[in-house]
Every structure is written in C-alpha cells, then in structure tokens.
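> Sequence below, structure please.
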Amino acid sequence: MDDKKTLIALDEDSDEDEPVPVKRPASLGPKPTQIFGSHQSDGVATTSSAVATENNSGNPLTIADDDPIISNSISVPNLENVSAQSENARENINDSEPIFHLRSRTAAASTPNYESLDYEVCENTLFQKEQRERLAERFSLRKDVIRWIIFIQIGVITALIACTIDIIIEELSELKYNFLKTTTDKNVPMTDAVGHDLVIPFLYWLLWSILPVAFGATMVTYIEPITAGSGIPQVKSYLNGVKIPRIVRIKTLAVKAIGVITSVVGGLAGGKEGPMIHAGAVVAAGISQGKSTTFVKDFRIFKAFRDDHEKRDFVLGGGAAGVSAAFGAPIGGMLFSLEEAASFWNQNLIWRTLVASIISVFTLNIVLSAYHGLNDFTFTGLFNLGKFDQPLKFDYFELPIFMLLGVTGGLLGAAWNSLNTKINGFRKRFIPWKFAKVIEAVMVAMLGVTLACLMIYFINDCRPLGNDPTIHPVQLFCDDNEYNAVAALWFQTPEATVRSLFHDPPGSHKILTLAMFTLVYYVLSCATFGLNVSLGVFIPTALVGAAWGRLLAMITFYFFPEAEFLHPGKYALIGAAANLGGVLRMTISLSVILMETTGIESSFFFPLIIALISAKWVGDYFNEGIYDTQIEVNHVPMLPWEPLPKYKGLAARELLSSPVVCIKLRDSAHYIYKVLKKCDHNGFPVVDDVQGDRRSEGRVCGIILRSQLIVILLKSLYVENKRFWLPETSIQTFRDVYPRYPSIKNVRKLDTKINYTVDLSMFMNPSPIRVNPHDSVPRIFQIFRALGLRHLLVINDENRIAGIITRRDFIYK
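Coordinates of the predicted model:
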C-alpha cells in the first residue's frame with residue numbers, strides 16, 4: 001500500500017480536521033506507558049515509541065487504552081465499510097507506512113504539548129547564497145556592530161522600565177504606609193477619648209491590599225496568564241530550546257509590569273526583582289527583531305536577526321540586564337544568567353551580556369540618583385540593601401557555625417519547596433476557574449494583613465525612637481518617644497524590611513517578635529508563590545532567611561552574652577544567603593549579588609560561599625530548586641546538562657522513533673498539503689531514490705521544517721510557475737513571517753493546483769545532523785544538546801532513514 005492510501009482514506013465530504021487512520025506494526029512493541037501521572041495540562045504530548053517527529057500543537061489523535069484494534073488499525077468514524085476494511089488492514093499492515101503515532105488516553109491527558117525552538121541554523125541554498133553575497137559587502141563586520149548596538153539598547157531600555165516600576169512602587173507605598181501610620185495613630189484607644197477604634201485602620205489596610213491585588217490578579221488571569229509568577233522558569237525553558245507561548249510579547253511585558261506594581265503595593269509576600277528578568281527578556285526579544293507582531297508594525301531593521309538562534313542570545317542578554325537592574329550587580333547579573341538560565345553560551349556572548357548588564361546598572365544609577373536628588377550617582381539597583389557601617393569580620397571558629405546555618409537553610413528551603421509544590425498542586429486541582437484564582441489572591445492578601453495586625457496588636461515590643469532608621473514609626477500602645485517594633489517590620493516594603501534586619505542595631509527586636517515574624521512570613525511566602533499574580537520569590541526568601549539568621553544570633557547571645565562576635569547584621573546576611581541557597585539552589589551568582597548589593601569586603605566571600613554550598617548540598621538531597629521544580633511539575637521537556645542515568649548503556653536504535661514521515665525531493669503539492677493537514681509533526685526528512693511511493697525507504701538528502709512547507713504552499717512556490725517567483729525568492733522570504741508562522745489552516749485547498757510539484761532542493765537543510773543506530777545515547781545527547789538541535793536523524797549504512805530523535809525521546813521514553 002502506498003503513502004497516499006495510508007495517509008488519505010477519508011470521504012470527499014469529510015472535515016479537514018478529522019483524524020486519520022493509523023496503522024502500527026507489531027514490531028514496534030507494546031503501547032506506551034504513562035510516565036507522569038499528574039493532570040498538569042490539557043495539551044497532548046509525545047510519549048509513544050512510534051513518534052515520527054516532534055509534535056506540533058493541533059488536534060492530535062488519541063487512542064483509548066482498551067481499543068480492541070490498537071495493534072492493527074484505527075478507523076475514522078465516517079469511513080464506509082469499516083468492518084470489511086479492518087480485515088484488509090490486518091493483512092496489509094506490514095506493507096503500510098504509518099503516518100501518525102499512537103498515544104494512550106492517559107498520556108494524552110497528562111502531558112502538555114510543548115514545542116521546540118529551531119536553534120539549528122538552516123543552511124539551505126538560499127542561506128548560502130545570502131552568505132556569499134554579503135561576504136563581498138563585509139556584512140559580517142556590520143552585523144557584529146549592529147549586535148553590539150542592540151545589546152546596549154537592551155541595557156538602556158530594561159533599566160528605564162525598572163526605574164519606572166521602582167518609582168511607582170515607591171510613591172504608592174509611601175502614600176499607603178503614611179496613610180496607615182496616620183490612621184493608626186489617630187485611632188489608638190485612649191482612656192479619655194471616644195470613638196477611637198483600631199478596626200478602622202485594619203479596614204483601611206485591607207482595602208489598600210484588596211484593591212491593587214484584585215486588579216493585578218484580574219489582569220494576569222484574564223489578559224495574560226503567562227505573566228503569573230516571576231517568569232524565570234519560563235525564560236529558563238525558552239533558553240533551553242522550549243517554545244513557551246506568548247512569553248516575549250509586548251502585552252506580556254505590560255501586564256507583567258502592572259502586575260508587579262499592584263502585587264508589591266498590595267503587600268503580598270513577594271518582590272519585583274524576579275519579574276525584571278522576564279521583563280528584560282521581552283525587551284531583548286522585541287528590540288532584536290526590529291518589528292512588533294502585536295502592533296503589526298515592521299520597522300524593516302535588524303532583519304538578519306530574525307531567527308530563533310539569534311533571538312536566543314539577545315534574550316539571554318536581556319535576562320542578565322534585568323537581574324543587573326534589579327540588584328545593581330552587573331557581574332552578578334551576568335553570572336545569574338549563565339548559572340541559572342542559559343543552556344548555550346560562548347565567549348563573545350558572555351562579553352556582550354556583561355556590557356548589557358553594565359549599561360543597565362549605569363542607566364538605572366543615573367535615573368534613580370537624579371530622582372532621589374543625589375549628585376554622586378550612588379543609587380544602585382532596585383534591591384538596595386545598604387552598606388554596612390563597619391567591615392564584616394569573622395573568626396575561623398565561626399566557619400562551622402556558618403556551615404550549620406547553611407544546613408538549616410537547606411532544610412528549610414527543601415521544606416519550603418516541597419510545601420509550595422503541594423499547595424500549587426492543590427490549586428491546579430481544586431481552583432481551575434479564573435474568578436476563583438482572583439478571589440484566592442485576594443484572600444491571601446487579606447490573610448497577610450490579618451496576621452500582621454494580630455502580631456502588632458498582641459506582641460508588646462516597644463523601642464526608643466532614633467536608634468534605628470524606621471521609616472514609618474507607629475507608637476500604638478508604646479510610651480512617648482517610643483515606637484512599636486512589630487509595626488516597623490510590616491509598615492514598609494519587603495525590601496526595606498530586609499535592609500532593616502541587616503542594619504538595625506542590636507536589641508532592636510524581641511526574640512518573640514522575630515520568631516513570630518519568621519513563622520508567619522515563611523507560611524505567607526509559601527502560599528503566595530504560585531498565585532495568579534506577578535511576583536518574585538527572591539525577596540521573601542531573603543527576608544525569611546535574614547529574620548531567622550538574626551533570630552539565631554539573638555538567641556545565642558541571650559545564653560552567651562559575652563560572645564562579642566555575634567553581630568546580628570552579619571548573621572542576618574548569612575541566614576539570607578543560606579535560605580536563598582536552600583530555595584533557589586544557586587551558589588556563585590547569589591554570593592556575588594549579595595556582595596555587590598551590600599558592599600561587603602571580598603574576604604567575607606568565603607563565609608557566604610560556605611553557607612550557600614552547604615544549603616545547596618543539603619537541599620539537593622531532598623528535592624530540586626524551586627525553578628527546576630516548577631519546570632518539572634509542568635512537564636516542560638527541558639534537557640538537563642547530563643543524560644538521565646537510565647539512558648546510559650543504550651544505543652540510538654533503542655531510543656529512536658519510527659517509522660518516519662518523509663517527503664520526496666520533488667513531491668506532489670497535494671501530498672504535502674494533506675500531510676500538513678492531517679499530521680502535526682514539525683520536521684520531515686527529505687529523501688530521493690524512492691521506489692514508487694515508498695518514501696521511508698528513500699535515501700536521506702536533507703530535512704525540511706513544517707514552517708517552511710507552509711510558506712512554500714502559501715506563496716505557491718511550485719516548479720510549474722518557477723519563472724515567476726524564483727527571482728524574488730530569498731531567505732528573507734521566510735524571515736519576514738517569523739516568528740508567527742502561519743498555520744496550515746491559512747492555506748487554501750489545492751483544488752486547481754492538485755497536480756503541481758514542489759522542488760525542495762533549495763529550501764531544505766541539506767546537512768542535517770545524522771547518527772547511526774549503534775551510536776551510544778549519552779554521546780547522542782551531548783551532540784543534541786550542545787548544538788541545540790530540534791531533530792536528529794538516525795540513518796543506516798545505506799543512508800536510508802532508520803528513525804528520528806527529538807528532545808521528548810530523551811525525557812519521556
């Protein structure tokens with residue numbers, strides 16, 4: 001049976017989007033088993049060993065587990081004579097070429113259908129022609145100069161966005177907490193006063209939290225759900241080669257910025273630093289393309305950078321610029337991107353990323369210093385922890401203490417990650433409705449206000465004014481010239497509270513105050529991260545760590561008052577580093593960021609790295625970092641640095657997916673149209689030396705992408721009318737429709753062009769990466785990951801296709 005009979009077996013009146021008959025040879029083994037048992041997405045993923053190529057979003061075919069003919073043939077509902085044909089299918093099964101793969105119902109319902117990005121450059125005839133033409137124009141030099149200009153622009157614009165967000169948050173927070181302080185002071189119950197009631201400031205505080213949080217959660221939930229959270233897991237997945245829909249759009253940036261402002265002003269346990277990485281990535285992706293698909297505006301610049309490979313490098317630079325603007329740490333921002341986000345880098349990319357980070361910090365420094373009236377341009381970063389008055393010193397006998405603090409941070413971080421994962425799993429299962437997600441965010445905000453008010457009311461912690469830089473001192477029930485230390489922790493932004501814990505003098509808080517604050521904020525931050533709001537996890541994690549680090553120093557000093565080395569600010573810094581290491585599992589970049597944001601001496605780098613490494617090692621024993629945990633929970637097919645242990649000792653023939661859908665070098669336009677209509681694969685090997693229609697037995701001469709085939713059909717690039725389109729066709733023809741390639745649904749039926757032919761010789765990639773069936777899987781994995789491949793062809797000794805490997809084969813098999 002030829003390919004056309006296997007592929008197209010529908011009535012003329014059938015719908016174009018109906019599924020197609022699938023035949024599965026018995027030699028392919030048993031049906032696939034489900035790996036992930038969670039219900040994380042409604043999408044469909046590839047888990048079968050019969051996968052032809054990587055799946056595309058569409059209407060995939062799902063086969064029930066108990067289908068009685070799963071190993072033979074599956075019929076389309078409106079096929080005639082189903083019973084008669086099924087017997088013929090059993091007889092001719094070995095002669096047919098399966099076009100689609102089978103999936104169990106469980107697999108189809110549980111794993112999202114993520115796509116891969118095309119990081120491999122398609123060096124086809126059109127690309128090579130452009131390279132030769134531009135060689136004479138010295139275009140490579142001009143392209144490098146333009147690339148540097150784009151990175152500088154990324155740093156400047158990212159910093160301006162960060163300044164805008166920071167100034168709005170600061171002004172609104174100042175207005176909020178000044179109002180609450182005034183209202184509280186006016187309504188403190190007095191023995192000789194009537195009508196004073198602390199319920200009034202409590203209600204005002206609730207209102208100040210409910211309104212902004214409800215507004216931000218509504219925007220995130222109903223306009224752009226991808227903006228929920230910090231955005232770092234999404235950016236990390238994107239840089240690894242996974243296509244995350246809508247992650248780098250202008251509307252995403254707008255909702256992200258507004259969502260961060262409303263969440264921080266609303267008093268949720270989160271910060272604005274994490275989302276700045278996402279904002280920088282959006283800025284980089286937009287500037288580097290020279291056009292806006294959202295506003296349908298093409299500025300006709302930077303056309304040479306319109307592909308996934310180039311955009312990836314710019315997004316990495318944007319993420320580094322975002323981190324640098326958030327913390328005022330250019331070196332830390334670059335290291336953060338390399339350690340936590342990047343999957344591909346080189347020396348030139350590191351250098352350009354560092355320049356973007358420096359430009360971002362410099363721009364932010366100028367703008368914020370001018371805004372705050374500073375003449376020496378010393379206002380660095382949104383997360384300004386302040387400088388320690390005296391150099392932090394340590395004795396060598398403190399190193400074991402720092403290590404114990406790291407172990408504590410690892411345990412608390414692992415518990416936090418585990419609890420947060422369970423809470424988010426509960427949310428996905430029992431809170432699927434959009435309005436319920438908004439209500440949940442409001443309820444968490446109300447819970448935070450209520451717990452804060454209870455602490456302020458019941459804990460009597462009065463301190464004399466002037467001993468520490470309290471921004472909004474609230475007297476409440478304290479005597480004159482005193483303020484309530486509990487209210488001082490809550491009546492400011494989380495960043496300001498971290499700064500207070502670092503720099504407040506000894507004796508600024510009671511042990512009970514910090515103990516209750518640590519417990520409350522630990523629970524609040526765990527419940528907040530995962531809401532449908534734009535917030536980062538860095539600030540609440542650092543705040544909890546600083547609180548328990550300072551608390552442990554206070555408890556130790558209570559029992560050993562002669563211990564002069566117990567500086568509370570020093571142990572607050574170590575506690576923040578340990579808690580960050582336990583939750584995020586980063587070491588080098590975190591230590592550099594903390595050093596740059598606090599201005600501590602390089603000699604204190606050793607205690608920081610001891611605490612961070614101890615926290616990471618202890619935490620890794622129990623689970624992964626919070627970003628990797630989120631990626632795993634959502635079943636994003638992200639490739640790790642090393643292959644999974646179960647793949648060691650295997651060969652390519654045990655991993656590949658087959659049979660493969662192939663297209664002839666000169667093939668029928670009608671056949672290509674039907675393949676794209678009824679099959680949602682993204683890459684198709686191009687073959688020649690085909691006997692009849694047995695395409696899967698042809699010799700491999702290249703690979704063609706789905707997006708290229710759709711453009712060919714849309715623009716009618718057929719052999720029969722070659723004289724009309726050949727002079728005007730170039731590689732720019734395909735770049736102009738990037739990144740939102742049209743769907744096959746945009747292509748009209750080829751009723752009048754059913755006999756037209758497509759010659760793929762000038763469009764296909766003639767040099768795809770190929771391996772042999774006996775090559776080891778670890779070696780194949782290193783090739784696949786290092787080159788950023790999307791498809792890897794497996795060929796036999798005669799250069800005939802034996803199978804294909806995609807990123808899903810390294811994860812789901």
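> For the rest of this, base every contact and every neighbour count on C-alpha atoms.
Will do.
> Give me the contacts around the helix or strand where Arg499 lies.
Using DSSP states H and E, Arg499 sits in helix 494-503. Residues from elsewhere that reach helix 494-503 (CA atoms under 8 Å, 6 or more residues apart in numbering): 269-271, 383-386, 388, 469-470, 489-490, 539-540, 542-543, 546-547, 550, 568-570, 572-573.
> Tell me the first helix or strand C-terminal of it.
helix 511-528.
> which of the residues in the next helix or strand after that following helix are buried?
Remark: after helix 511-528, the chain's next helix or strand is helix 538-559, criterion DSSP H and E. Within helix 538-559, the residues scored as buried using 16 or more other CA atoms under 10 Å are 538-554, 557.
> What's the mean pLDDT across the longest helix seen in the chain?
Across the chain, the helix with the greatest residue count (assigned by DSSP state H) is helix 139-186. Averaging the model's pLDDT scores along helix 139-186 yields 91.
> Over to stretch 216-230?
On average, stretch 216-230 scores 94.
> what's the answer for stretch 792-799, then?
93.
> Distance from stretch 518-527 to the middle of the chain?
24 Å (CA atoms, centre = their mean, to the nearest Å).
> can you pull the buried residues of it?
By 16+ other CA under 10 Å, the buried positions in stretch 518-527 come out as 518, 520-527.
> Need the CA coordinates for that stretch. CSV is fine.
The C-alpha trace of stretch 518-527 is given here as CSV (Å, rounded to 0.1, in the frame of the first residue of the first chain):
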residue,chain,number,x,y,z
THR,A,518,9.8,34.3,60.7
LEU,A,519,7.0,31.8,61.0
VAL,A,520,4.3,34.0,59.6
TYR,A,521,6.3,35.2,56.6
TYR,A,522,7.6,31.7,55.9
VAL,A,523,4.0,30.5,55.5
LEU,A,524,2.8,33.6,53.7
SER,A,525,5.6,33.4,51.1
CYS,A,526,4.9,29.8,50.5
ALA,A,527,1.2,30.4,50.0
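> Can you name the residues in contact with that stretch?
For stretch 518-527, contacts defined as CA under 8 Å, 6+ apart pick out 269-270, 416, 419-420, 423, 444, 448, 451, 537, 540-541, 544, 547-548.
> try stretch 446-457
202, 205-206, 209-210, 267-268, 484, 486-487, 490, 516, 520, 524.
> Farthest-apart pair in the residues you listed, please.
Ile210 and Asn484 (24.7 Å; CA to CA).
> Could I get the buried residue list for the helix or strand harbouring Arg427?
Arg427 belongs to helix 399-430 when assigned by DSSP H and E. Applying a neighbour-count criterion of 16+ other CA under 10 Å, one finds 399, 402-418, 420-421, 423-425, 427 buried in helix 399-430.
> Tell me where the stretch 701-813 of the chain is predicted with low confidence.
Across the stretch 701-813 of the chain, the ranges flagged by pLDDT under 70 are 813.
> same thing but at 80, please
By pLDDT under 80, the weakly predicted segments of the stretch 701-813 of the chain are 750-754, 812-813.
> With the stretch 451-600 of the chain instead?
Looking at the stretch 451-600 of the chain by pLDDT under 80, you get 466-472, 599.
> try 90 this time
460-485, 488, 491-496, 499-500, 503-509, 560-567, 569, 586-600 (pLDDT under 90).
> Quick one: mark the members of the contacts of helix 494-503 that sit in helices.
Using DSSP H, those in helices are 489-490, 539-540, 542-543, 546-547, 550, 568-570, 572-573.
> Which of those sits closest to Arg706?
Ile539 (43.3 Å).
> So that closest one versus Gly274, what's the distance?
9 Å (CA to CA, to the nearest Å).
> can you name the two of the ones in helices among the contacts of helix 494-503 that are farthest apart?
Trp490 and Lys570 (21.9 Å).
> which of the two has more neighbours?
Between Trp490 and Lys570, counted using other CA atoms under 10 Å, Lys570 has the larger neighbour count: 24 against 21.
> Identify the residues contacting that one.
So Lys570 contacts 392, 502 (CA under 8 Å, 6+ apart).
> what do you get for Lys311?
Per CA under 8 Å, 6+ apart, neighbours of Lys311: 284-285, 288-289, 305.
> my read: Val121 touches Arg306, true?
No. Under the criterion of CA atoms under 8 Å, Val121 makes no contact with Arg306, lying 11.3 Å away.
> More neighbours: which of the two?
Arg306 (22 against 16).
> unless I'm mixing things up, that one is touching Phe734, no?
No. At 9.4 Å, Arg306 does not count as touching Phe734 under the criterion of CA under 8 Å.
> can you give me the helices for the stretch 151-300 of the chain?
Using DSSP state H, counting those that start in this stretch, the helices of the stretch 151-300 of the chain run over residues 199-222, 232-240, 250-265, 273-289.
> and the angle for the first one with helix 139-186?
Which is helix 199-222. With axes from the mean of the first three to the mean of the last three CA atoms, to 10 degrees applied, the angle from helix 199-222 to helix 139-186 works out at 160 degrees.
> Tell me how many other residues surround Phe295.
9.
> for Asn799, same thing?
By other CA under 10 Å, neighbour count at Asn799 equals 16.
> doesn't Gly702 make contact with it?
No. Contact criterion CA under 8 Å: Asn799 and Gly702 do not qualify, at 11.0 Å.
> Let's have the ones in helices among the contacts of helix 494-503 in JSON lines, adding distance to Ile795.
What follows is these, written out as JSON lines (distance: CA to CA, whole Å):
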{"residue": "Leu489", "distance to Ile795": "65"}
{"residue": "Trp490", "distance to Ile795": "64"}
{"residue": "Ile539", "distance to Ile795": "51"}
{"residue": "Pro540", "distance to Ile795": "52"}
{"residue": "Ala542", "distance to Ile795": "52"}
{"residue": "Leu543", "distance to Ile795": "55"}
{"residue": "Ala546", "distance to Ile795": "57"}
{"residue": "Ala547", "distance to Ile795": "59"}
{"residue": "Arg550", "distance to Ile795": "62"}
{"residue": "Pro568", "distance to Ile795": "65"}
{"residue": "Gly569", "distance to Ile795": "63"}
{"residue": "Lys570", "distance to Ile795": "61"}
{"residue": "Ala572", "distance to Ile795": "59"}
{"residue": "Leu573", "distance to Ile795": "56"}
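> For Ile439, state which of the residues you listed is nearest.
Pro540 (21.9 Å).
> Pretty sure the closest one sits against Gly271.
Yes. Between Pro540 and Gly271 there is a contact under CA under 8 Å: 7.0 Å.
> how about the helices of the stretch 301-450 of the chain, start to end?
Using DSSP H, counting those that start in this stretch, helices in the stretch 301-450 of the chain cover 308-327, 330-336, 347-371, 399-430, 434-458.
> Using CSV, write down the CA coordinates of whatever helix or strand Gly619 lives in.
Here Gly619 sits within helix 605-622, counting by DSSP H and E. Coordinates of the C-alpha atoms in helix 605-622 are reproduced here as CSV (Å, rounded to 0.1, in the frame of the first residue of the first chain):
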residue,chain,number,x,y,z
PHE,A,605,33.1,35.8,50.3
PHE,A,606,34.3,32.7,52.0
PRO,A,607,31.6,32.5,54.7
LEU,A,608,28.9,33.3,52.1
ILE,A,609,30.0,30.5,49.8
ILE,A,610,30.3,28.0,52.7
ALA,A,611,26.7,28.8,53.7
LEU,A,612,25.4,28.6,50.1
ILE,A,613,27.2,25.4,49.2
SER,A,614,26.0,23.7,52.4
ALA,A,615,22.5,24.8,51.8
LYS,A,616,22.6,23.6,48.2
TRP,A,617,24.0,20.2,49.0
VAL,A,618,21.5,19.6,51.8
GLY,A,619,18.6,20.8,49.8
ASP,A,620,19.6,18.8,46.7
TYR,A,621,19.4,15.6,48.8
PHE,A,622,15.6,16.1,49.2
